[in-house]
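Trainee: Build me a model:
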Amino acid sequence: MVAAADIKITKVETSKLTGTQLENLPFGRYFTDHMLEADYENGEWKNVEIKPYQPLLMEPSLAALHYGQAIFEGIKAYKDAAGNAAIFRPFDNFKRFNISAERMQMPTVPEEIFIEGMRQLIALDKNWIPSLPEHSLYIRPFMFSSDPVIGVKPSETYKFMIILSPTGPYYAAPMKIYVEETYTRAAPGGVGFAKNAGNYGASMHATALAKQQGYDQVLWTDAFEHKYLQEVGTMNVFFIIGNKAITPSLEDGTILAGVTRDSAITVLKEMGLEVVETKISVDELIEAHKSGQLREVFGTGTAATISLIKELKYKDYVMHFNTDAWEVAPELKKRLNAIRNGEVPDTHGWLVKI
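Mentor: Purely as a prediction, here's the structure:
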């Protein structure tokens, strides 16, 4: 068992923050001074250390490079007007991380390393959190198999790490989305609900093809009929149809149980909307659009938060939306930001203070 006091801390001599502008940073390009690293060996976690951010030394036979045993999470920390830092819903990500670990036949990470290690790491690099609108500190916990062995089996050793990246808006402008009907992101019985590296690697070809047609991302459909809607890019998706907010159900295990998705459901209900988690087909969506009932479409995710969708294309049918006239998604984003930035009371207990 690793206690919080067992986390060794080695600080940098000189911070990289000096001279670094934290405004309008591209997502995931810049990293803070420190990182957390821990090793799993002989059935236990050990060597838990916060140390200067640095390259890793690894064998070419590293199991993760060959067989894809790798998972990760995405979390954010924010500052309020007084400069106090807080992490948004890290315990939910902690729970989901270990669900992914079990699905990928990897060891679970204890709370003392995941949560307390994260808290101590962010406390050390707190000054890297931008105090700007639409900015935050992106937190990336991840784990990969570290056996220096080529063999298709679960690794006996693993490495868990957390790195931090100050960032600005992920999607600055409303998106154009292509409804994908050839390639598949996930199928029942697969790993769609797990946040594993392979899900994202497999999505890149379809996304590249969509971009060649002038679209930003794809809206994934089911593996069998390419009819039922799943995720949009790396986000969960919501449709405002009439006075209802409809989002694809998680019951088939093909969709990630997004923390921002869950937060959006809570806030949308507080806004007076009925939220329906169900299967929804592209045909139903087109019918709602033709009848004038499809009012708004947006994605939710840790990186993007709330991302507006101004165009959807399915085959030859194109749906255009005037995002400037929207009311639900902008209000949802406003309310979530107010909670994260400490502008309103956190009645849900979502913020974990540093």
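Trainee: Quick check: nearest residue in space to residue 190, chain neighbours excluded?
Mentor: residue 254 (7.0 Å; C-beta to C-beta, 6 or more residues apart in numbering). For the C-beta atoms, the positions are set from N, CA and C on the backbone; glycine is no exception.
Trainee: How about the contacts made by that neighbour?
Mentor: 185, 186, 187, 188, 190, 192, 193, 222, 223, 230 (C-beta atoms under 8 Å, 6 or more residues apart in numbering).
Trainee: quick one: contacts for the fourth one?
Mentor: So that's residue 188. Neighbours of residue 188 in contact, by C-beta under 8 Å, 6+ apart: 223, 252, 253, 254.
Trainee: Rounded mean pLDDT for stretch 106-119, please.
Mentor: For stretch 106-119, mean pLDDT rounds to 98.
Trainee: How far away from the center of its chain is it?
Mentor: 18 Å (C-alpha atoms, centre = their mean, to the nearest Å).
Trainee: residues making contact with that stretch?
Mentor: With C-beta under 8 Å, 6+ apart, stretch 106-119 has contacts from 1-4, 7, 36, 38, 40, 45, 48, 50, 69, 71, 75, 87, 90-91, 94, 97-98, 101-102, 139, 141, 143, 145, 154-155, 158, 160, 162, 352, 354.
Trainee: from those residues, which ones fall inside strands?
Mentor: 36, 38, 40, 45, 48, 50, 71, 75, 87, 139, 141, 143, 145, 158, 160, 162, 352 (DSSP state E).
Trainee: For residue 54, which three-state class applies?
Mentor: At residue 54 the chain is in coil, as set by DSSP: H, G, I helix; E, B strand; the rest coil.
Trainee: Could I get the contacting residues of the residue of the chain positioned farthest from its centre?
Mentor: Going by C-alpha atoms, centre = their mean, the residue of the chain most distant from its centre is residue 291, 33.5 Å out. With C-beta under 8 Å, 6+ apart as the criterion, no residue contacts residue 291.
Trainee: likewise residue 244?
Mentor: With contacts defined as C-beta under 8 Å, 6+ apart, the neighbours of residue 244 are 273, 274, 275, 276.
Trainee: No further questions, thank you.
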